[in-house]
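Novice: Structure here, sequence nowhere to be found:
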């Protein structure tokens, strides 16, 4: 039996536990082999943890032999194995088990009560909306929804956990066995999702005099976040690159935002990703030593942290220092662009789970699931497919369907009668540039989609030119044309000049005013046609109908060239 294989223990009476003694020996090819001898004894947490730690040390011995680069063989090519635990704060009005407000940014310790502070005699009551949002998320990630699940107490003692335990779900989560299909530069990839379970958040430590505990003079605790409903979504270790992980995280956040599950604001902690990373030789089926990385407030930082950690671990293995790759939690240091050790995990944490005695089992009916599924908004993947069916390029689709506010504005503009490509061009170009300059989102625009649709319609009808539209767009974006773009254009004297005789007179005036350039054109410098176009546009203050102007200007220039007997045709 391999030293790290699991053996079935005999049935135990209450108050007893299994302890083991590992007998190991070096077998063929340097592998450590052994047996785990079981026995029963009175419950001893220390003995059990020691047994777990011994098993982990034995496993590391095996991993060192398997993962280190050989001294004589060709260079080993390594691959990363990545899994992500995502904590999603749910968009409920109140906390998970009490009526306190779930509101980010309120004054510290104002949204608290005896229940979320764990006072004796207080009893939790489950937030039904949190359950509904968890079901919605489960459906979105193609997971199985448990018809019966339960809550458990997870025991640990941190300053920001007032009860000394967290209400979570251990062995019967609300969602399990799902997957997420994600568009990556290498194509669509499917990443498995092990489980998603409901739990409550902890409070927040606020360090005085520094951004972190290191260097701080004191620490205060804000318990407003304690008891906020969380959905922890645990992926399978299916990702093989930092880009895979960032793409997975982005799609998961997109789903949460599109469905109203969470606002997904990583900077505010509404969505937090803990990434588990290990490396192994390509082709190997043995997992390397897992390192957990925290403290990443954007997907960009997550990608950088993963890339750094992969390089760090591969560097240690190739230099035959694999013993320095230990199971630990590391933090991403944005200033130093590196991961730093936070704490070492020598053994498995003993959370002493047991069923939450103050909450009944959670029962979910088929009717509940069907009702929630029927009320769900369009998923990002379905939205992208719909946009592609409109004939839009894939690059446009990925931009338009990236943010919910952008997609909503685009859909509303099309609903007002604008062709898809025309609406996409204006939104992805001038409007997004305006939002970027103002550092605001599409949902904060004063301009309505109907106003944009009317502006585009006026361009297509020839009432205004594209240049006029661009010039007046900043004012429209402030809402000045919401009562009617055509009325706004007329009031500002911006109607396009489309009268043929007026355009012709304007062109004649420009040709007379520029005899030298006209002579050069007639002598063969036909590129000067652009010069005359610019002069006519300048004279008309951008109001001339460009199609009509080009038609008349081309005819006039050709006539002048023919009359001069030049080479211009």
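Specialist: Happy to help now that I have it. Keep in mind that what you see is a predicted model, and the values were worked out from it rather than measured. Numbering: from 1, shown residues only.

Novice: list the buried ones in whichever strand in the chain runs longest?
Specialist: Determined from DSSP state E, the single longest strand within the chain is strand 187-200. Residues of strand 187-200 classed as buried: 189, 191-200 (neighbour count, 16 or more other CB atoms under 10 Å). All C-beta spots, glycine's among them, are computed from the backbone N, C-alpha and C.

Novice: Direction included, what does it pair against?
Specialist: strand 175-184 (antiparallel), strand 229-235 (antiparallel) (DSSP bridges).

Novice: deepest of those strands, which one?
Specialist: Ranked by mean neighbour count, the strands paired with strand 187-200 are led by strand 229-235 with a mean of 24 (mean count of other CB atoms under 10 Å).

Novice: Beyond that strand, next helix or strand please.
Specialist: helix 242-258 (DSSP states H and E).

Novice: which one among the buried residues of strand 187-200 gets closest to residue 128?
Specialist: Taking CB to CB as the measure, residue 128 lies nearest residue 198 of the buried residues of strand 187-200, at 11.6 Å.

Novice: If the closest one is in a bridge, with which residues?
Specialist: Applying DSSP bridges to residue 198, the residues it is bridged with are residue 231.

Novice: Let me see the confidence value for it.
Specialist: At residue 198, the pLDDT value in this model is 98.

Novice: what residue is smack in the middle of the protein?
Specialist: Nearest to the geometric centre of the chain sits residue 250, at 2.5 Å (CA atoms, centre = their mean).

Novice: contacting residues around that one?
Specialist: Contact analysis of residue 250 by CB atoms under 8 Å, 6 or more residues apart in numbering lists residue 299.

Novice: Then the one 4 residues further on?
Specialist: Applying CB under 8 Å, 6+ apart, one finds that residue 254 lies in contact with 264, 380, 402, 404.

Novice: for residue 481, same thing?
Specialist: With CB under 8 Å, 6+ apart, residue 481 has these contacts: 447, 451, 454-455, 472, 475, 488-489.

Novice: Give me the three-state assignment for it.
Specialist: What DSSP: H, G, I helix; E, B strand; the rest coil gives for residue 481 is coil.

Novice: Distance from stretch 131-150 to the middle of the chain?
Specialist: Here stretch 131-150 is found 20 Å from its chain centre; the criterion is CA atoms, centre = their mean, to the nearest Å.

Novice: before we move on, back to that, could you export the contacts of residue 481 as a markdown table, including pLDDT?
Specialist: Output for these, formatted as a markdown table (pLDDT from 0 to 100):
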| residue | pLDDT |
| --- | --- |
| 447 | 95 |
| 451 | 96 |
| 454 | 96 |
| 455 | 95 |
| 472 | 91 |
| 475 | 93 |
| 488 | 91 |
| 489 | 89 |
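
Novice: so of those, which ones are in strands?
Specialist: The strands, defined by DSSP E, take in nothing from those.

Novice: And the buried ones among the residues you listed, selectable in PyMOL?
Specialist: Command for PyMOL, covering only those of those found buried under the criterion 16+ other CB under 10 Å:
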select buried, resi 447+451+454+455+472+488+489
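
Novice: Looking at the contacts of residue 481, which one is closest to residue 113?
Specialist: When these are ranked by distance to residue 113 (CB to CB), residue 447 comes first, at 43.4 Å.

Novice: who touches the closest one in this structure?
Specialist: Residue 447 neighbours (CB under 8 Å, 6+ apart): 476-479, 481-482.

Novice: Just the buried ones from those?
Specialist: Buried members of the contacts of residue 447, scored by 16+ other CB under 10 Å, are 476-477, 481.

Novice: For residue 174, state which of those is nearest.
Specialist: The closest of the buried ones among the contacts of residue 447 to residue 174 turns out to be residue 477 (CB to CB; 43.5 Å).

Novice: For residue 485, see how far away the closest one is.
Specialist: As defined by CB to CB, to the nearest Å, residue 477 lies at a distance of 12 Å from residue 485.
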